[in-house]
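> My questions concern the predicted model and sequence given below.
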Amino acid sequence: MKGGVTAGERARRASRRAVSTIRGFSLISLRDLLVASGPTIVLVAVACFIAYLVVDPAPPRQVRLATGQENSAYESFGQQYAKELERDDIAVGVQRSLGSQENLERLQRGEADIAFVQSGSTSEEGAAQGELVSLGSLFTEPVWLFLRENVKAKSLTGLRGLRINLGPEGTGVPKLFRQVLAVNGIEPAQLTLGALENTPATVELLAGRIDGLVFSSAPEAPLIQMLLQTPGIRLFNFDQAEAYTRRLPFLTHVVLPRGIVDLGRDIPAQDYHLIAPTATLVAREDLHPALVDLFVKAAGKIHGGAGWFQQQGQFPSPKYTEIPVAPEAAKYYRDGPPLLQRYMSFWLANLFDRLWVVVVALAALVIPLSKIVPPLYVWRVRSRVYRWYGELRAVEQAVEDVPEDQRRFVRDDLVHRLDDIETRVNHISIPLAYADELYRLRSHIDFVRERVRTTLDGGSELTKQGGLAK
């Protein structure tokens with residue numbers, strides 16, 4: 001017909017639609033695959049989640065650092081640590097304190113996670129009782145004995161009867177200086193010892209109301225810098241510094257070089273021999289290992305340069321500490337930063353570092369469960385076909401059970417039943433990889449239909465040859 005569609009064109013379109021439909025079939029059934037692997041996926045996900053949370057929890061995003069007095073080197077360094085760790089999204093709560101002794105007490109009470117502690121303030125036994133570990137020594141803290149210029153004492157024995165401020169008991173300086181006095185045969189009662197904090201003690205010294213004061217601090221402390229350049233104030237020279245280090249092993253002998261404060265003005269005008277404990281970074285034993293690495297890394301940036309009393313790279317160090325060094329810190333000093341942290345951000349490196357636990361849990365479940373999924377998938381797909389064989393077997397059994405006088409009445413019902421089975425089978429969705437099962441089923445339906453017809457119409461060679469059951 002003009003303007004119409006010919007029968008041949010309609011046939012070609014129908015053929016193209018059929019081909020398009022065939023191309024739409026898939027080799028596998030994603031739905032069946034997901035259902036078959038669903039229990040495995042859930043079990044693996046649950047196991048990985050539990051391993052991630054329980055075996056090695058993530059490091060906290062906040063940590064408490066106990067430092068020292070106002071205007072002290074500890075306080076100054078504490079602020080530097082806070083800035084360094086802030087780059088890795090770790091908030092450092094800097095806690096001002098009196099000093100080493102109070103810091104140790106805070107650590108042992110759980111009021112701080114990490115703190116600056118002076119060598120000689122504790123012992124291995126005390127550290128073990130308080131479950132403390134060292135992250136390494138950071139810098140030397142010379143004992144600075146500043147005297148008024150009119151005090152002519154050339155040795156510590158000349159301090160008898162003078163007013164000397166040692167600072168509060170929590171600083172660690174009183175304990176240290178009493179040990180120094182003891183090796184000189186001086187009783188504390190022979191001096192008037194003060195317990196003012198550093199800043200008010202400096203004011204008292206400048207006002208002439210005390211004769212001297214003792215600090216133990218890094219030279220970066222603002223008060224140290226000021227007093228070294230203040231007219232009328234002089235620094236005590238420990239001429240016997242080497243002997244002190246032999247009597248008190250936690251001390252080292254350091255030299256303040258001539259002109260180090262101000263070369264132009266030649267301050268100081270001579271070399272000064274000083275005795276010095278070391279500042280250590282002490283933490284609670286339960287501090288997260290990742291934070292240990294982070295603090296040691298920050299210590300390298302802050303204290304690793306050359307200074308008045310140290311060479312480049314001398315600090316931080318696992319040496320010069322009475323408290324046992326944390327295993328993670330010792331590994332960092334020996335091998336450097338963890339491999340992943342050299343190329344990734346802290347949190348990303350920590351995530352991958354913890355994933356090994358998840359990988360172990362994953363492998364422990366996936367390997368055995370992966371052997372279950374393929375058979376389960378095959379069973380799900382083939383079960384759509386195989387369940388119809390029960391229907392066919394029931395039809396065959398009905399043929400055998402029909403009495404001779406009723407066969408002609410039952411024949412049409414059984415054939416209609418088989419037609420209904422075939423209609424429903426034709427709507428089965430099955431992957432192409434298992435299409436042979438479907439076609440085999442359809443051929444068996446035709447086989448049973450033919451048997452019903454021939455048997456109930458009077459028999460044929462098919463009944464003699466047996467049915468589908470054979």
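All right, it came through fine. Being a predicted model, the structure only gives us computed values, none of them experimental. Numbers count the residues shown, from 1 in each chain.
> what's the weakest-modelled helix or strand in the protein?
Here the helix or strand of the chain ranked lowest by mean pLDDT, DSSP states H and E is helix 461-465, holding a mean of 43.
> what are the ranges of the strands in the stretch 51-200 of the chain?
62-66, 91-95, 114-118, 132-140, 143-148, 163-165, 192-194 (DSSP state E, counting those that start in this stretch).
> State the distance spanning the first to the last residue of stretch 264-281.
Terminal residues of stretch 264-281 lie 36 Å apart, using C-alpha to C-alpha, to the nearest Å.
> Asn237: what secondary structure?
Secondary structure for Asn237, judged by DSSP: H, G, I helix; E, B strand; the rest coil, is coil.
> what helix or strand is Val46 on?
helix 30-50 (DSSP states H and E).
> and if you look at Arg453?
Per DSSP H and E: helix 435-456 holds Arg453.
> Next, the buried residues of that helix.
Applying a neighbour-count criterion of 16 or more other C-beta atoms under 10 Å, one finds Leu438, Leu441, Arg442, Ile445, Val448, Arg449, Arg451, Val452, Arg453, Thr455, Leu456 buried in helix 435-456. C-beta coordinates here come from the backbone N, C-alpha and C atoms, glycine included.
> Just give the closest residue to the fifth one, not the sequence neighbours.
Sequence neighbours aside, Leu392 is the residue nearest to Val448 in space, at 5.2 Å (criterion: C-beta to C-beta, 6 or more residues apart in numbering).
> Now for that neighbour: which residues touch it?
Leu418, Ile421, His444, Ile445, Val448, Leu468 (C-beta atoms under 8 Å, 6 or more residues apart in numbering).
> Just to be sure, it is in a helix?
Yes. Assessed with three-state DSSP, Leu392 lies in a helix.
> The strands of the stretch 51-200 of the chain: which one's closest to Pro289?
strand 132-140 (10.9 Å; C-beta to C-beta).
> Just list what the closest one packs against, helices and strands only.
Where contact means 3 or more C-beta pairs under 8 Å, 6 or more residues apart in numbering; DSSP states H and E, strand 132-140 is packed against helix 100-109, strand 278-284, helix 289-303, helix 327-335.
> That strand to helix 289-303, inter-axis angle?
10 degrees (axes from the mean of the first three to the mean of the last three C-alpha atoms, to 10 degrees).
> Pick out whichever of the buried residues of helix 435-456 sits closest to Val203.
Leu438 (98.4 Å).
> Number of residues surrounding the spatially closest residue to the closest one that is not a sequence neighbour?
In space, and not counting its chain neighbours, Leu438 is closest to Ile430: 5.3 Å by C-beta to C-beta, 6+ apart. By other C-beta atoms under 10 Å, the residues close to Ile430 number 18.
> Surely Ile430 touches Trp388?
No. Between Ile430 and Trp388 there is no contact under C-beta atoms under 8 Å: 11.8 Å.
> Excluding chain neighbours, what is closest to Val410?
Val402 (4.9 Å).
> Got phi/psi on the one you found?
phi -70, psi 130 (degrees, to the nearest 10).
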